[in-house]
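Undergrad: pasting the structure only:
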C-alpha cells in the first residue's frame, strides 16, 4: 500500500537513486553485495528495464558466476532494445574469458554489426580472430584498431598500444611480431613492466642481444632485485660473448641457436604469464584425471628426492615432480593410439647412464643434441622432448616423428580430451595446402616425412632436362630461370625459382619466398611466415639433420643447412623471416 504522502514521481526518483547508487558501487567495487540488492529492487519496480539487468549481469560476471552472467546478458540481448550492443559486448567478454574462441568471435562480429566507430570494438575483433585461428587477419586488425584510436581518440593511444601488445602475446604471436608492438607500447607508456620484460626476452629470441641488454639494464634501474631481469642481462651478455668469440670457441653461436634454448626461454615466460605453461597444464590435468589413470601414477618426487640428480630441466623435472612415473605396461590407460606411459626419475637417470657409458651403442641418442625422454611404450620406443621444446616419437633406427609442439601442448590435449577447460588459443596452421590438392595426393620424399612441392624439387635433383621429374618441376613453376652452373648470376624471374644445371643435370633448386607465388606449397606443413624455432623443429622432427649455419655480419642474414634424404636442404633468414629455401646435391 502506497504511503499517502508519496507520489508516483517520488517512487520513480527513488528507483533512479537506487540505480545510480548501484552503478557508483559497481564502478568502485564491482563485487559489492549491495549492487545485486539495489539492481533487483529496481527490477522489481520496473521489470521492463534492461539497464539494471545489464548491471546485474556485469556484477555476476565480476563475482565469478559466469553462467548466471551469461544467462542475464542473453536475456538482455533477447529484448533487442537499446542495450543490445552492451549485452553483446558482455557476451563477447564472457566467451573470451572462458576461452570459447569461436563464440567470442561471433559476438565480436555481432557488436560491429551494430556499431563501427569504437576502436575498442575493432581491437576486440582482432583479438578474437587471432585466438580463433585467423591469426594474420586478427593481427592486422589489431594494427587497424590502433590506427583508428590514433585518429579518433588520441588520448587513449597508450591504452590501445598496451592492449595490442597483450593480445599479440595472448594469441602466441612470434617474437618478431610481438617485439615492435611491445616497443611502441613501452615508448608510449612504460608503466607496464611485464610487457617491457617480455620484450627483452623477445629481443633475445630474435638474436638482438645488445637491445636485450640495454632494455634489461634500464628496467633493473627501476627494480634492481628482479630475478628475471637479472637473468635477461646475464643471458644477453653471455650471447654477446659467444658472438664475439664464435669462431674460436668449442661452442659456437650456431650451436647455441640450434638448441633453441633462447626461444624456449621466451616461450616459457610467455606461457607462464598466460597460464598455459607445463606446470599449469599439469595442475589442470590433475583435476580431470580418470580414476583408472590416476591409480597407475606414482606420487610426485620431492625436491629432496631429486637433489643432486640431473633429471632434465627442460620438462622431465616438472613431470616427475608431478607424478614420478607410471606403472610399467599401463600406457593404454591414456586411451591413445600407442601405449606410452610416464617414466620415473630413476628410469630416466638409469637410461641416461647407460647411453653415456656406451654412446656408440645408442646412435639414436646423440651426445651433441638436446633431448629428454619422458614416456615409453615399454617396447623400445619413447616420447622425447627435443630442441625448441618439440615432443617427438623416437623409434630405434627411425627418424623422429612429431607428436606435439611441446610437452605442455600434449598435456593440454589430454586435459581437453578428459573434458577439462583448454585455455590455449587456436594454434597457427603450419601452412595451407594448395586448393584442390588433398593431403593424400601429396608425394613424399623417400626416407623422410616431408611432403609437398619440395618432394618434386628433390626428385628433380640429378635429373636431366628431359626427365619426368624436371618436367613436373617446370609445370609447377613455369616461370623458373635456368643456369648452366651454380656460379652463374641469379636471374630472378616472376616465379622466383632458379634451377642450376651441371653437365645437363639438375644440381640445385632455389625458391625465393618473397617472389614465388606458390611459396605456401613449397613445404606442406612448414610455417612459411618465418618463425625460426618452428621451422627448425619441424625440419628436424622430419628427419633433417643440422649440417652448418652462419651469419652474414654485413646484412644480418642467417643461413642454415640440413642433411636430408641424401641431399642438402638450406634455408635463409632475413629480418627474422624465412626468405629462401633450396635443395641441392650434397657436397
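TA: Happy to help now that I have it. If you're wondering where the values come from, they're calculated on a predicted model, not measured in any experiment.

Undergrad: tell me which element the residue nearest to residue 163 when sequence neighbours are not counted is part of?
TA: Among residues not flanking residue 163 along the chain, residue 123 sits closest, at 5.6 Å (Cβ to Cβ, 6 or more residues apart in numbering). Every C-beta, even on glycine, is put in place using the N, C-alpha and C of the backbone. Element membership of residue 123, judged by DSSP states H and E, is helix 119-131.

Undergrad: pLDDT of that helix, averaged?
TA: Mean per-residue pLDDT for helix 119-131: 95.

Undergrad: neighbouring contacts of that helix?
TA: Residues from elsewhere that reach helix 119-131 (Cβ atoms under 8 Å, 6 or more residues apart in numbering): 89, 92, 96, 99, 101, 104-105, 108-109, 111-112, 115, 135, 137-146, 148-149, 152-153, 156, 160, 163-164, 167-168, 170-171, 173, 425-426.

Undergrad: any idea which helix or strand comes after that helix?
TA: helix 135-152.

Undergrad: That following helix: how far from the chain's middle?
TA: Relative to the chain's own centre, helix 135-152 is displaced by 20 Å; criterion: Cα atoms, centre = their mean, to the nearest Å.

Undergrad: returning to that earlier point: check the gap between the residue nearest to residue 163 and residue 50 for me.
TA: 25 Å (Cβ to Cβ, to the nearest Å).

Undergrad: Then residue 241?
TA: For residue 241, the distance to residue 50 - Cβ to Cβ - is 64 Å.

Undergrad: what do you get for residue 64?
TA: Counting by Cβ to Cβ, the gap from residue 64 to residue 50 is 23 Å.

Undergrad: Strands along the stretch 251-400 of the chain, start to end?
TA: Remark: strands assigned in the stretch 251-400 of the chain by DSSP state E, counting those that start in this stretch are 341-342, 371-376, 382-386, 391-394.

Undergrad: Next: the stretch 401-550 of the chain.
TA: 401-404, 481-483, 497-502, 505-512, 545-551.

Undergrad: picking up where we left off before, more neighbours, residue 64 and residue 50?
TA: residue 50 (21 against 9; other Cβ atoms under 10 Å).

Undergrad: hang on, isn't residue 328 packed against residue 379?
TA: No. Counting by Cβ atoms under 8 Å, residue 328 sits too far from residue 379 to count as a contact (10.9 Å).

Undergrad: Nearest spatial neighbour of residue 60, chain-adjacent residues omitted?
TA: residue 69 (4.2 Å).

Undergrad: right, and the one you found touches residue 93 too?
TA: No. Using Cβ under 8 Å as the test, residue 69 is too far from residue 93 to be in contact (9.1 Å).

Undergrad: Next, show the common contact partners of these two.
TA: Common neighbours of residue 69 and residue 93 (Cβ under 8 Å, 6+ apart) are residue 61.

Undergrad: can you list contacts of stretch 269-277?
TA: With Cβ under 8 Å, 6+ apart, stretch 269-277 has contacts from 169-170, 172, 194, 197-198, 201, 228, 268, 278-280, 408, 412, 423-424.

Undergrad: mind listing what's buried in that stretch?
TA: 269-271, 273-274, 276-277 (16 or more other Cβ atoms under 10 Å).

Undergrad: okay, those in CSV with pLDDT and distance to residue 260 next?
TA: Formatted as CSV, the buried residues of stretch 269-277 follow (pLDDT from 0 to 100; distance: Cβ to Cβ, whole Å):
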residue, pLDDT, distance to residue 260
269, 83, 14
270, 87, 14
271, 91, 15
273, 87, 20
274, 91, 19
276, 94, 18
277, 94, 16
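
Undergrad: Which of those residues fall within helices?
TA: 269-271, 273-274 (DSSP state H).

Undergrad: can you list the residues you listed in CSV and add distance to residue 387?
TA: Converted to CSV, these look like this (distance: Cβ to Cβ, whole Å):
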residue, distance to residue 387
269, 18
270, 18
271, 17
273, 23
274, 23
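
Undergrad: Show me which of those residues is closest to residue 386.
TA: residue 271 (17.8 Å; Cβ to Cβ).

Undergrad: and the helix or strand containing residue 90 with helix 119-131, angle?
TA: Secondary-structure assignment from DSSP H and E places residue 90 in helix 84-97. Counting by axes from the mean of the first three to the mean of the last three Cα atoms, to 10 degrees, helix 84-97 lies at 30 degrees to helix 119-131.

Undergrad: Just list what the very next helix or strand once past helix 84-97 packs against, helices and strands only.
TA: Next helix or strand after helix 84-97 toward the C-terminus (DSSP H and E): helix 101-114. Here helix 101-114 touches helix 84-97, helix 119-131, going by 3 or more Cβ pairs under 8 Å, 6 or more residues apart in numbering; DSSP states H and E.

Undergrad: Tell me which helix or strand in the chain has the weakest average pLDDT.
TA: Every helix and strand of the chain was ranked by mean pLDDT, DSSP states H and E. The lowest is helix 253-259, at a mean of 63.

Undergrad: quick one: the residue nearest to residue 60 and residue 61, what's the gap?
TA: Distance from residue 69 to residue 61, by Cβ to Cβ: 4 Å.

Undergrad: Could you give the number of residues near residue 459?
TA: 20.

Undergrad: wait, doesn't it sit right on residue 469?
TA: Yes. Contact criterion Cβ under 8 Å: residue 459 and residue 469 qualify, at 4.0 Å.

Undergrad: Can you point out the buried residues in whichever strand or helix holds residue 229?
TA: Under the criterion of DSSP H and E, residue 229 resides in helix 227-245. By neighbour count with 16+ other Cβ under 10 Å, helix 227-245 contains the buried residues 228-229, 232-233, 235-236, 239, 242-243.

Undergrad: What's the separation between the residue nearest to the spatial centre of the chain and residue 418?
TA: Nearest to the mean C-alpha position of the chain, counting by Cα atoms, centre = their mean, stands residue 172 at 3.8 Å. Remark: distance between residue 172 and residue 418 (Cβ to Cβ) = 23 Å.

Undergrad: Equivalent analysis for residue 286, please.
TA: Distance from residue 286 to residue 418, by Cβ to Cβ: 11 Å.

Undergrad: try residue 120
TA: For residue 120, the distance to residue 418 - Cβ to Cβ - is 36 Å.

Undergrad: could the buried residues of helix 227-245 go into a markdown table alongside distance to residue 31?
TA: Below are those laid out as a markdown table (distance: Cβ to Cβ, whole Å):
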| residue | distance to residue 31 |
| --- | --- |
| 228 | 31 |
| 229 | 34 |
| 232 | 36 |
| 233 | 40 |
| 235 | 41 |
| 236 | 42 |
| 239 | 46 |
| 242 | 51 |
| 243 | 52 |
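
Undergrad: Where is pLDDT lowest across the residues you listed?
TA: Lowest confidence among those: residue 243, with 68.

Undergrad: Now do the helices for the stretch 251-400 of the chain: every range, in order, please.
TA: Under the criterion DSSP state H, counting those that start in this stretch, the stretch 251-400 of the chain contains helices at 253-259, 261-274, 278-288, 291-294, 303-306, 316-322, 345-357.

Undergrad: Nearest approach to residue 18 belongs to which of those helices?
TA: Comparing those by Cβ to Cβ, helix 261-274 comes nearest, at 39.9 Å.

Undergrad: top helix in this structure by residue count?
TA: From DSSP H, the single longest helix across the chain is helix 8-28.

Undergrad: which residues are contacting the helix or strand just after that helix?
TA: Downstream of helix 8-28, the next assigned helix or strand under DSSP H and E is helix 33-45. Contact with helix 33-45 is made by 11, 15, 18-19, 21-22, 25-26, 49, 52-53, 55-56, 59-60, as judged by Cβ under 8 Å, 6+ apart.
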